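Trainee: Could you look at this predicted model? Sequence included:
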Amino acid sequence: MSTQVKAMKLPSTLSSLRRIGQRIKLSQEQRLIDGSGLFDRTFYRASYPDVAQSDLDPVLHYALHGHEEGRNPSAAFNTKQYRRRHRLAETQNPLIHYIKTRRRRRISKAPSSLEDIAAWQLESDEIELATLPPPGEIGVFIHLFYDDLAKEILALLDNIPYPYRVYISTDTTAKQRSIEVVLAELSLTEKAVIKVLPNRGWDIGPFLVGFASEIASHDICLRLQGKKSTSEDPKYGIEWRRHIFSELVGHPILVRRIVSLLMSYADLGIVMPSHWDGISRWLSVGSNVDAMQSVLRRLSVDVRLRRDQKVEFASGSMYWFRSRALGPLLDLKLGWDDFSPPDEGVRDATFAHGIERSLLFCVAKGGLRWSFSPVKRLLSEMTEQVCQQIIEQSGAFDKGYYLEKYRDVARNQWDPVKHYVHEGWKDNRNPAPDFNGRYYKDLIEKAGYVDVNPLVHFLMVGRARGLSAQRRLVGQATIVVDDLYGAYRRAEDAPTYVQETTPSIHPSAVKAIAFYLPQFHPFEENNRFWGRGFTEWTNTTKAQPMFEGHYQPRLPGELGFYDTRIKDVIKRQMELARQYGIHGFCLHHYFLEGRPVMRVPYNHILADKSLDLPFCLHWANEPWTAQWDGEARQQGTLLTQRHTPEDDLAFFKDIEPAITDSRYITVDGRPLLLIYRPSLFPNIRATVERWQACCRAIGLPPLFLAAMQTIFDGDVDPRAFGFDAAVEFPPHNLPIPNVSGSVSLYDPGFEGAIFDYRAAVEKALARQAPSYPCFRGIVPDWDCTPRRSTPAMFINSHPAVYREWLEKICVQTHDRLPVDRQFVFINAWNEWAEGAYLEPDRKYGYAYLQATADALNGASRAPPRIGAGRDRPGVVLSAQAGE
């Protein structure tokens with residue numbers, strides 16, 4: 001009996017021990033965080049109002065829940081980024097991991113040899129941010145041979161957020177007086193010491209001889225100089241020194257980061273700028289071999305150098321350093337006789353140049369390491385709170401301009417700076433009229449700054465480097481298109497124009513279904529978002545050609561700028577579709593925030609049985625956004641897309657009149673329903689079961705569900721969602737190269753993407769049949785110029801190429817799929833603002849409709865017959881969100 005009692009109590013005892021252990025661990029972590037100096041309680045309460053409103057200590061909240069929720073313990077530590085970089089489990093506390101790791105790395109093991117100075121680098125992935133106060137004053141050492149650079153350089157000291165003392169060397173009393181004027185102007189006189197020293201050893205002699213004792217009196221120091229590189233083009237020196245300044249002292253946050261690195265790593269001796277691209281050819285030992293060997297001998301460093309040997313050094317002779325890093329050099333007690341006067345004819349190979357190139361050997365001699373400036377990593381890791389702080393303090397953001405230009409921000413009363421920091425820059429929005437966000441982002445990405453806020457980069461780095469925030473046009477700023485109207489007036493006489501015909505259609509099991517966009521009538525939501533009277537034609541007609549031969553704007557033919565509130569428009573569309581062999585329309589269907597949107601064509605079709613072209617629905621279940629991209633955002637979303645169990649049932653009630661209609665397209669008696677983004681459902685299989693239960697309740701066969709293959713979900717296997725089939729949706733998922741360089745662009749700064757239609761056809765036709773049912777898709781053309789300032793588009797599209805593509809996928813469909821499900825989906829019947837339409841236009845007339853009929857006939861395995869019947873291809877109605 002006692003054994004049983006013990007056995008019954010054991011789990012309870014273990015559970016109690018676990019709880020005690022968890023409390024002890026939590027208490028230890030809380031003390032560790034508290035003692036680290038890395039947690040900012042004020043920041044945490046201000047950032048997370050729920051914590052501020054509770055009685056819970058912020059450190060305890062972070063240790064318990066905050067780190068798992070991705071909250072940041074300070075403005076300088078990004079919890080989510082740290083977790084991703086170090087691949088931590090969700091239960092691991094990133095700040096605890098950092099504190100313990102930093103403790104282990106504080107004194108890292110030095111390499112055993114000085115042969116390869118690169119091995120002494122503290123790699124970027126070893127460097128983490130600490131927030132520790134520096135000890136005492138920082139020593140700033142500046143050599144100003146060119147006193148006209150005094151203001152440019154001394155103004156940078158305002159970016160040092162710590163107490164400092166500045167030591168300046170120059171070579172004449174006249175220059176000293178000039179520098180003193182600048183010091184007084186910048187209120188730096190009390191912080192400065194100026195020495196007039198012999199002009200020997202370039203900038204290095206005055207530094208090591210003239211300020212040896214002052215260097216030793218500071219722990220952390222910064223060395224700068226007025227660099228001009230007078231032997232080169234003046235721009236050479238300007239760009240080089242600005243590059244250096246931007247990486248060493250370009251912004252207070254950067255300076256704080258560098259100083260924190262030096263404080264966090266006792267074995268870090270020097271932080272230097274990355275090499276400017278313009279000096280890449282000078283990064284070897286070269287003619288400095290003898291001078292370097294001389295310095296190394298005096299340092300007792302036994303390393304043999306070669307002329308062609310690449311060597312790391314602080315190019316430009318500017319860097320942050322720990323004073324003891326220069327100890328081996330200072331111990332040499334160098335004097336003026338060790339250095340020669342500058343010789344304008346000698347730009348290398350002096351003793352001073354030997355010291356410059358040997359500096360890191362000196363640092364390593366003392367057992368210390370070196371590192372490049374952390375500016376790139378700092379920018380890539382910066383939290384949104386810090387970005388917002390930098391922007392707001394800069395005064396560079398024009399709130400009035402932003403609200404005026406981006407009406408969705410004003411309409412939704414979003415804070416303009418917060419919107420820009422959170423997502424505006426990602427959408428290439430401009431923070432001010434003189435700042436081109438897309439141009440500048442592309443510019444810095446080429447320099448390796450990926451996923452970096454362009455305005456923050458400009459404020460911290462770009463401005464100091466003299467980078468332009470606006471594209472400089474190198475070609476014509478404007479173009480004149482002669483007699484644009486005349487060109488369109490003559491379109492019907494051009495060889496490309498095809499007149500209407502009544503083609504003979506071969507009977508076939510393959511059914512062509514064209515997606516149908518219903519956005520050709522005004523409705524409440526679009527009136528509110530884009531202005532009263534907005535329709536698809538609003539965007540379509542405002543497009544302009546981007547390059548020679550670019551077919552924009554696209555103007556409609558027979559149907560004109562139609563309004564689908566007029567039922568006869570839909571009737572004529574169906575007549576044309578049937579006439580040219582289209583089996584049906586797939587209506588893009590919109591159901592957002594629990595209610596129907598954009599429904600005039602849908603309502604006309606359900607109400608009038610004479611509109612008898614077969615149809616089905618495609619639910620475009622994504623949010624409507626100001627960017628027309630369906631990406632859910634905290635800001636910039638016009639209508640949200642919900643997927644709750646209640647919404648599942650409401651959606652079924654919404655489509656029930658359609659799926660029970662005799663004209664609705666079915667597969668083996670099952671209503672065909674396409675879903676744009678199944679992955680947005682929290683539990684799609686549960687949704688499917690609800691819908692099928694609704695079908696059973698009304699005596700309807702289960703839905704035949706098809707998943708769209710888009711850039712969001714890729715070439716998804718529909719079985720993963722409990723669906724029956726997939727539908728290709730070109731141009732989605734057709735990876736082909738950008739060929740923008742192959743056309744004569746009117747704007748040399750064009751930032752869109754141009755693709756070869758023929759390459760897309762080849763890629764599509766080469767696709768192997770998947771292991772699951774998949775309906776092939778095709779697009780007659782694609783050009784987003786009406787919708788985007790940075791459009792994507794095809795060139796080399798033509799009705800004949802489209803016909804070839806359609807005919808071949810019809811043959812593939814015939815060969816791969818059972819007779820009752822041989823569907824081919826055409827994107828689209830009327831996507832005018834994306835250049836994807838079959839309807840007649842002013843340039844090609846009925847050419848794409850004729851090509852459709854010819855392709856269907858070419859793929860048919862039966863003889864032709866005349867006339868149209870209900871067994872002919874029909875129309876599928878498609879409802880996409882945000883189109």
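Mentor: Arrived safely, thanks for sending. Numbering: from 1, shown residues only.
Trainee: which one is L403 nearest to, not counting chain neighbours?
Mentor: Spatially, and ignoring its direct neighbours in sequence, L403 is nearest to A410 (4.3 Å; Cβ to Cβ, 6 or more residues apart in numbering). C-betas here are computed from N, CA, C, even on glycine.
Trainee: ok, now P163?
Mentor: Taking Cβ to Cβ, 6+ apart as the measure, P163 lies nearest to E137, with 4.8 Å between them; neighbours along the chain are not counted.
Trainee: show me what contacts that neighbour?
Mentor: With contacts defined as Cβ atoms under 8 Å, 6 or more residues apart in numbering, the neighbours of E137 are 162-165, 218.
Trainee: can you do 10 Å?
Mentor: 162-166, 191, 217-221 (Cβ atoms under 10 Å, 6 or more residues apart in numbering).
Trainee: Equivalent analysis for D820, please.
Mentor: Contacts for D820 were tallied using Cβ under 10 Å, 6+ apart; they are 509, 511, 666-670.
Trainee: In the residues you listed, which has the lowest confidence score?
Mentor: Among those, A509 has the lowest pLDDT, at 91.
Trainee: how many other residues sit next to L849?
Mentor: Using other Cβ atoms under 10 Å, L849 has 26 neighbouring residues.
Trainee: That one is in contact with E575, isn't it?
Mentor: No. L849 is not in contact with E575 according to Cβ atoms under 10 Å; the separation is 11.4 Å.
Trainee: any low-confidence regions in the stretch 701-850 of the chain?
Mentor: Within the stretch 701-850 of the chain, the segments meeting pLDDT under 70 span 748-749.
Trainee: could you pull out the strands for it?
Mentor: 704-709, 725-728, 753-756, 774-778, 792-795, 823-826, 830-831, 836-837 (DSSP state E, counting those that start in this stretch).
Trainee: right, and those - which one's nearest V498?
Mentor: strand 836-837 (14.6 Å; Cβ to Cβ).
Trainee: Doesn't the residue nearest to L403 belong to a helix?
Mentor: Yes. Applying DSSP: H, G, I helix; E, B strand; the rest coil, one finds A410 inside a helix.
Trainee: Who are the contact partners of it?
Mentor: With contacts taken as Cβ under 10 Å, 6+ apart, A410 has the following neighbours: 402-404, 416.
Trainee: repeat for W425
Mentor: W425 sits next to 387, 391, 419, 431, 437-438, 440-441, 452-457 when contact means Cβ under 10 Å, 6+ apart.
Trainee: try 7 Å this time
Mentor: By Cβ atoms under 7 Å, 6 or more residues apart in numbering, the residues touching W425 are 437, 453-455.
Trainee: Tell me, how many residues neighbour the residue nearest to it when sequence neighbours are not counted?
Mentor: Beyond its immediate neighbours in the sequence, the residue positioned closest to W425 (Cβ to Cβ, 6+ apart) is N453, lying 5.0 Å away. By other Cβ under 10 Å, the residues close to N453 number 27.
Trainee: for the one 4 residues further on, same thing?
Mentor: H457 is flanked by 25 other residues according to other Cβ under 10 Å.
Trainee: Skipping its backbone neighbours, what lies nearest it in space?
Mentor: The shortest distance from H457 to any residue other than its chain neighbours is 5.2 Å, reached at I444 (Cβ to Cβ, 6+ apart).
Trainee: Can you tell me the SS state at that neighbour?
Mentor: When the rule is three-state DSSP, I444 gets the label helix.
Trainee: Now do the contacts for it.
Mentor: Under the criterion of Cβ under 7 Å, 6+ apart, the neighbours of I444 are 452, 454, 457.
Trainee: same thing but 10 Å
Mentor: I444 sits next to 376, 379, 450, 452-454, 457-458, 461-462, 467 when contact means Cβ under 10 Å, 6+ apart.
Trainee: try L222
Mentor: 138-142, 156-157, 160, 164, 166, 248-249, 255, 258-259, 271, 318-321.
Trainee: Confirm that it sits in a helix.
Mentor: No. Using three-state DSSP, the secondary structure at L222 is strand, not a helix.
Trainee: and it, how far is that from S274?
Mentor: Taken as Cβ to Cβ, to the nearest Å, the spacing of L222 relative to S274 amounts to 17 Å.
Trainee: With P553 instead?
Mentor: P553 sits at a distance of 47 Å from S274 (criterion: Cβ to Cβ).
Trainee: Have a look at the two and say which one is more surrounded.
Mentor: When P553 and S274 are compared on other Cβ under 10 Å, the one with more neighbours turns out to be P553, at 17 against 14.
Trainee: Looks like the more buried one contacts P545 (just checking).
Mentor: Yes. The pair P553 and P545 qualifies as a contact (Cβ under 10 Å) at a distance of 8.3 Å.
Trainee: Would you enumerate the residues in contact with L330?
Mentor: Applying Cβ under 10 Å, 6+ apart to L330 gives the contacts 208, 212-213, 215-216, 323-324, 362.
Trainee: pLDDT value on it, please?
Mentor: Value listed for L330 in the pLDDT field: 93.
Trainee: which phi and psi does it have?
Mentor: phi -70, psi -30 (degrees, to the nearest 10).
Trainee: how close does it get to K511?
Mentor: For L330 relative to K511 (Cβ to Cβ), the value is 86 Å.
Trainee: Tell me both backbone torsions, phi and psi, for the residue nearest to T91 when sequence neighbours are not counted.
Mentor: In space, and not counting its chain neighbours, T91 is closest to E68: 6.9 Å by Cβ to Cβ, 6+ apart. Backbone torsions for E68, taken as degrees, to the nearest 10, come to phi -70, psi -30.
Trainee: V667 now?
Mentor: Backbone torsions of V667, given as degrees, to the nearest 10, read phi -120, psi 110.
Trainee: Beyond the longest strand anywhere in the chain, next helix or strand please.
Mentor: In terms of residue count, the longest strand belonging to the chain (DSSP state E) is strand 584-592. On the C-terminal side of strand 584-592, the nearest following helix or strand under DSSP states H and E is strand 595-597.
Trainee: And the next helix or strand along the chain from that next one, what's buried?
Mentor: Per DSSP H and E, strand 595-597 leads on to helix 600-607 as the next helix or strand towards the C-terminus. In terms of neighbour count (16 or more other Cβ atoms under 10 Å), helix 600-607 has its buried residues at 600-602, 604-605.
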